[in-house]
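In: turn this into a model:
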Amino acid sequence: MLNKHQGDDVASLMTRIGRKARAAARPLAIANTAAKNAALLAMADAIIAREQDILDANAIDVSNGHESGLSASFMDRLKLDPARIRAMADGINEIAGLRDPVGNVIAAWERPNGLHIERVRTPLGVVGVIYESRPNVTADAGALCLKAGNPVILRGGSDSANSSAAIHACLVEGLKTAGLPEDAIQLVPTTDRAAVGEMLKGLSGNLEVIIPRGGRRLVERVQNEARVPVFAHLEGICHLYIDGSADLDMAVKIAVNAKMRRTGVCGAAETLLVDRAVAGTHLVPILGALQAAGCEIHADAEVLKLYADAQPATDADWVTEYLDAIIAVKLVDGVAGAIEHIENFSSHHTEAIIAEDAKAVERFFSEIDSAILLHNASTQFADGGEFGMGAEIGIATGKMHARGPVGVEQLTSFKYRVRGSGQVRP
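Out: Residues are numbered from 1 along each chain as shown. Here you go, the predicted structure:
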């Protein structure tokens, strides 16, 4: 690692990294599917073979995290174990099995003058990924960008620096095995925050897009300062609505999973909305199950009357991404009340409805403008891997270019191929 305070060195370092990534762009863009897949499979093999190296590196990060007083949710995102390492390798293998998006014909049509026009997927170019705490993003982002033909510059958080470096070494090994440019996947070798600033400037025009994956402070900085396009979500204030037609057993099971499976992921439910019509039958069993699982309940005044073992909710609760075992609970007037609350407080990430009434579901799906909507399923399915994308770099909540899980297709642009037979324009 470079000294944190060598600002001039960081600027020159990042310039070199940008240039090397740009130099890798063309050979990677024209690399065939077999070469890319060979690299990916070798990366997955290397991660399994170097499991102990990765665990040893992660143990250093975890120890440092404890000493720094990192929150439990942050530590959960940071910590690796054999199952999570296997999941990283499995994710890369799944990406290798995906259809190569590069060169895929999205649309084709004939013009009256005989011209044949095709819209074809192409790599975006150099991608910058800035992330915090989650070392698995190193593997996911590196593999996804490679499959889409994009060089990537990875800037992980200082808290996961050792883990990310160990994982990155496996990715480089895969690139070498397949004869692809080693600079196709670069990890910024400094924890100096000036490196982030250099990426936000665009690295002298070498970066095409930036994808931030982290807390609100990081994402706000990237969105406010970036001079290149950004794929991002600011927060995951995700809602789970229990309709009056909901099956109670299903509602209990999904509510506990949506909140408690992993509280530190962006798809964790943060607000529970319950139809006032079933408050007498559904509310107490659901909240009791959540509390039994270790969840703290922040309830509005109506809910408190029915479930006293909770804390009073404040205005801040409806706009808080807890990333912890806490959930805000409110009674609403049916699907209309749920939609109104969600539109007022949602971050447009993920919302779910538990209902048997098809009309309520259709209205929920039609009127809520969030990136991911689910019916009778946990919000924790807001994940590229669960969508069959192999993995994701993040969830985009904007409406330009990418929305929802950012996988290989979202990491491409397109060009037009026009074939003629001598036509000239009159």
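In: please make it C-alpha for all contacts and neighbour counts, starting now.
Out: Noted.
In: what about the strands in the stretch 51-200 of the chain?
Out: 105-110, 116-123, 127-131, 152-155, 185-187 (DSSP state E, counting those that start in this stretch).
In: where in the chain is pLDDT low?
Out: 1-8 (pLDDT under 70).
In: would you map out the domains in it?
Out: 7-231+406-418, 238-381 (automatic domain parsing).
In: just give me the neighbour total for Glu67.
Out: 9 (other C-alpha atoms under 10 Å).
In: residue at max distance from the center of the protein?
Out: Ranked by distance from the centre of the chain (C-alpha atoms, centre = their mean), the top residue is Pro426, with 49.4 Å.
In: measure that residue to Asn113 for me?
Out: 11 Å (C-alpha to C-alpha, to the nearest Å).
In: and Val361, by the same measure?
Out: 47 Å.
In: more neighbours: which of those two?
Out: More neighbours surround Val361 than the other of Val361 and Asn113, with 19 against 11 (other C-alpha under 10 Å).
In: angles on the backbone of that one, please.
Out: Here is the backbone geometry of Val361 (degrees, to the nearest 10): phi -60, psi -50.
In: what's near enough to touch it?
Out: 353, 355, 375 (C-alpha atoms under 8 Å, 6 or more residues apart in numbering).
In: ok, those vs Val120, which is closest?
Out: His375 (33.5 Å; C-alpha to C-alpha).
In: that closest one: how many residues sit nearby?
Out: 19.
In: same question for Val152.
Out: 30.
In: how about the helices in the stretch 301-426 of the chain?
Out: For the stretch 301-426 of the chain, the helices defined by DSSP state H, counting those that start in this stretch cover 301-306, 334-345, 358-367.
In: just checking, what packs against the top helix by length along the chain?
Out: Ranked by number of residues, the top helix in the chain under DSSP state H is helix 7-29. Helices and strands touching helix 7-29, by 3 or more C-alpha pairs under 8 Å, 6 or more residues apart in numbering; DSSP states H and E, are strand 152-155, strand 185-187, helix 194-200.
In: what residues does the first one touch?
Out: With C-alpha under 8 Å, 6+ apart as the contact definition, strand 152-155 has outside contacts at 17-18, 21, 126-131, 138, 141-142, 145-146, 184-188, 196.
In: just stretch 79-96 next, same as before
Out: 36-37, 40-41, 43-45, 47-48, 51, 55, 58-59, 62, 136, 139-140, 143-144, 147, 385, 389-391.
In: distance from it to the middle of the chain?
Out: Distance of stretch 79-96 from the chain centroid (C-alpha atoms, centre = their mean, to the nearest Å) equals 16 Å.
In: give the buried residues for it.
Out: 79-80, 85, 88-96 (16 or more other C-alpha atoms under 10 Å).
In: just to revisit the earlier point, in JSON lines: the contacts of Val361, plus distance to Ala169.
Out: Output for those, formatted as JSON lines (distance: C-alpha to C-alpha, whole Å):
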{"residue": "Ile353", "distance to Ala169": "43"}
{"residue": "Ala355", "distance to Ala169": "47"}
{"residue": "His375", "distance to Ala169": "41"}
